[in-house]
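Asker: 3D model of this:
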Amino acid sequence: MANRSSIERRLILPPREVLRAGAILVGIYLTLQLLWTARSVLLLTFLAVLFGLCVAAGADYLARWRIPRAAAAALVVLAVLGVLGGLGAIVAPGIGRQMGDLQRQLPDAVERVEQWLDSRYRGVIESIQNPEAGPSAEGAQPKAQAPGRAATSIRQGLSEQVAGLADHFFDVFSSTLALLAGLILIIFVSIYVAADPGLYRRGIMHLFPHRMRTRAGEVLSEVALMLRRWLLTQLVAMVLIGTLSTIVLLLLGVHAAVALGIIAGLLEFVPYVGPILSSVPAIAMGFLTGPQLAAEVALAYIAIQQAENHLIIPLLMKRGLDLPPVVTIVSQAVMGIVFGFLGLLVAMPMVASAMVMIKMLYVEDVVGDEVSLPGEP
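Answerer: Just a heads-up that it's a prediction; the model follows:
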């Protein structure tokens, strides 16, 4: 009995401990709520730091010419904005016309797809819509309204899917003010990060005990190197894929080839998902001429992606990120569903950063296995 009473007294926590545990739980809950509320700002900040690492490389080069680092970082950002603005001013009129043509002609292209599907797979569509009717007797005339119902059903389904995709895909750009604020945040954060990266590195190091700071510094350096190399590779790949797509579409005679090439280049920033999304409007525009051109466009996009995966990216980054495709696709799906378009943008670099930390801190330090890192020769 005495032992039982002693155990019961040990199980009963003092009121002070209960209050402390409750305060910790409330604090964790409020912190998670704050992080969720500010998720867009946090993801934009991560994107800004990512660009800041590349700006820092340019600032390092200018600093060799005795240019103050803060001025060098600002000059790099202004130079990039100037180049983009100049190119936009030169090609904007032509692109604007092609974007308008794309917007006007894309519904006609979708209608061509519907008609082609209706003519080729009318029986399948009818059996799906009315499974109880069974297959039509040979030689029997189909109902006059069946093709119309099939085309209407396809059109409604495609419209709903495109509308839903647009809502999720451009959620972060829902207002001009939000876009402007995001761009300003990215520009200024990237300048400040590039102007004095050591300041933020030292601040992060203060979060670790002295005995862990050396290893933490090594991990942080590897993550920064990986992010910088990945972003530079992606930017070059975007230009190459956009240019190559435009040339191929022009040779095939597809309408609005320049606009479609720009879409392909921009969506190249999102691995796996982006190239698939960029091929959809191009294939639809191919149907304006006929199914044969649409098939040629689809084959061209497949060939471009194969060239990218086996030639362009290996040449740009001799040692890749070593990310399994399943991990990349699943992480993009989860980040896209939870955080929207911004989550889709930052999914790849965030997962790559996590993989570097897992390899160094767990596989090497805990398990004891040797692993290769993207920055190693």
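
Asker: what about the stretch 51-200 of the chain, any weak spots by pLDDT?
Answerer: Using pLDDT under 70 as the threshold, the predicted model of the stretch 51-200 of the chain has low-confidence ranges 87-88, 90-103, 105-106, 109-110, 113, 117, 120-177.

Asker: repeat that with 80
Answerer: Residues of the stretch 51-200 of the chain that meet the criterion pLDDT under 80 lie in 83-181.

Asker: packing partners for the helix or strand containing residue 281?
Answerer: Taking DSSP states H and E as the definition, residue 281 sits inside helix 273-286. Applying 3 or more C-beta pairs under 8 Å, 6 or more residues apart in numbering; DSSP states H and E, one finds that helix 273-286 contacts helix 69-120, helix 210-252, helix 257-267, helix 291-307, helix 325-339. Heads up, the C-betas are built off the backbone N, CA and C, glycines and all.

Asker: list the buried ones in whichever helix or strand comes after the last one?
Answerer: Think helix 325-339. Remark: after helix 325-339, the chain's next helix or strand is helix 341-358, criterion DSSP H and E. Burial within helix 341-358, assessed by neighbour count using 16 or more other C-beta atoms under 10 Å, is assigned to 341-353, 355-356.

Asker: got the contact list for residue 41?
Answerer: Applying C-beta atoms under 8 Å, 6 or more residues apart in numbering, we find residue 41 in contact with residue 185.

Asker: that one and residue 178: what is the separation?
Answerer: Using C-beta to C-beta, to the nearest Å, we find residue 41 at a distance of 11 Å from residue 178.

Asker: what's the neighbour count on residue 214?
Answerer: Residues within reach of residue 214, counting by other C-beta atoms under 10 Å, total 10.

Asker: and it, what's its pLDDT?
Answerer: The confidence metric pLDDT takes the value 90 at residue 214.

Asker: could you do the one 10 residues further on as well?
Answerer: Turning to residue 224, the model gives it a pLDDT of 89.

Asker: cool, the one 5 residues further on as well?
Answerer: Residue-level confidence at residue 229 comes out at 83, pLDDT.

Asker: picking that back up, which one of the helices and strands packed on helix 273-286 lies closest to residue 24?
Answerer: With C-beta to C-beta as the measure, helix 210-252 is the member of those nearest residue 24 (23.5 Å).

Asker: I appreciate the help and will end here.
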